[in-house]
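Enquirer: structure here, sequence nowhere to be found:
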DNA sequence: TGACTATAATGTATGTCATACAGTATATTA
DNA sequence: TAATATACTGTATGACATACATTATAGTCA
């Protein structure tokens, strides 16, 4: 049996897991490069590891949600990621899904603040 | 390249994935058996597959979050699952984590409803 | 000026877990 | 009596976050 902290850590990773794509897509309203995304999301308390982000970006590109372009005109080369029309559509849909799921889960969790009486289903 | 529907389906599974433990724990304020949990959660728009739930319950039991007891006194045998003190503590913590993450993500998604102007970080 | 750190990205291996598929047993229903 | 619902167990596969390793180079510091 593992420690509570390790368990919590794993559970939190899983909790966070599905939101990572959504978080990343939300920061791509304009072209961004990887490291910039890492920084932006960290600032907004939605941190993601580079080890996670880059494969995720590659995956999304492979799936057609975004495209990438190297910009070699500046001091150092950067690979910019741009949402495709498909990516935008998927983002909107995913956003709606999350909102819906979020509401449902909030209802489930809210039951704790109430009596233990059995309530009629919704 | 897969279809959008398949892609959305996968993304939604991932989105939902981390919330399953939380959903299940939320329904264990009193002892419940597996099939009953499946039904309750389905009613509350938080459906979970039996194939997912049972291994999940076994996992949680192994981790000490809950215990199980066979009730063979009724028409048919049922395995009841009971939150342990550890399980209750983990549930509360996970709940708080979710609320926090939820708020952060809502902020990220809310940016879409606003101008494309760069805003100061929080 | 060389060493160290930050920037920026790629690749491999491992761990976690949802789902597909297969199955068991028995109470209930058509 | 056959089909369906109830209730649960087990194996295999797919998806992906993270740990670990690495490359390259611009910027900073002693």
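Expert: Structure's in. What do you need? All values derive from a computational prediction rather than experimental measurement.
Enquirer: for residue A:63, phi and psi?
Expert: Dihedral pair for residue A:63: phi -80, psi 0, per degrees, to the nearest 10.
Enquirer: leaving out chain neighbours, which residue sits closest to it?
Expert: Nearest-residue entry for residue A:63: residue B:7, 5.7 Å, with adjacent residues in sequence omitted and distances by Cβ to Cβ, 6 or more residues apart in numbering or on different chains. Where you see a C-beta, it was placed from the backbone N, CA and C, and this is true even at glycine.
Enquirer: mind telling me what element the one you found is part of?
Expert: Using DSSP states H and E, the secondary-structure element containing residue B:7 is helix B:4-17.
Enquirer: chain center to whichever helix or strand comes after that helix: distance?
Expert: Scanning forward in sequence from helix B:4-17 by DSSP H and E, the next helix or strand is helix B:19-26. The chain centroid and the centroid of helix B:19-26 are separated by 3 Å, computed with Cα atoms, centre = their mean, to the nearest Å.
Enquirer: the following helix or strand past helix B:19-26 and chain A, are they touching?
Expert: Past helix B:19-26, heading to the C-terminal end, the next element that is a helix or strand (DSSP H and E) is strand B:32-33. No - taking Cβ under 8 Å from any Cβ of the partner chain as the criterion, strand B:32-33 and chain A are apart, separated by no less than 12.1 Å.
Enquirer: give the buried residues for the lengthiest helix in chain A.
Expert: If you go by DSSP state H, chain A has its longest helix at helix A:85-110. Of all the residues in helix A:85-110, those buried under the rule 16 or more other Cβ atoms under 10 Å in any protein chain shown are A:86-87, A:90-91, A:94-95, A:97-98, A:101-102, A:104-105, A:108-109.
Enquirer: hang on, residue A:69 packs against residue A:79?
Expert: Yes - contact status for residue A:69 versus residue A:79: in contact at 7.2 Å, counting by Cβ atoms under 8 Å.
Enquirer: now, which of the buried residues of helix A:85-110 sits nearest residue B:16?
Expert: Distances from residue B:16 to the buried residues of helix A:85-110, taken as Cβ to Cβ, are shortest for residue A:101 (6.4 Å).
Enquirer: list the contacts for the closest one?
Expert: Contact analysis of residue A:101 by Cβ atoms under 8 Å, 6 or more residues apart in numbering or on different chains lists B:15, B:16, B:19, B:46.
Enquirer: quick one, phi/psi of the nearest residue to residue A:61 once chain neighbours are set aside?
Expert: The shortest distance from residue A:61 to any residue other than its chain neighbours is 5.7 Å, reached at residue A:68 (Cβ to Cβ, 6+ apart). Here the main-chain torsion angles of residue A:68 (degrees, to the nearest 10) amount to phi -130, psi 150.
Enquirer: name the nearest residue to the residue nearest the centre of chain A, sequence neighbours excluded.
Expert: When chain A is reduced to its mean C-alpha position, the closest residue under Cα atoms, centre = their mean turns out to be residue A:20, at 2.1 Å. The spatially closest residue to residue A:20, leaving aside those adjacent along the chain, is residue A:48, at 5.8 Å (Cβ to Cβ, 6+ apart).
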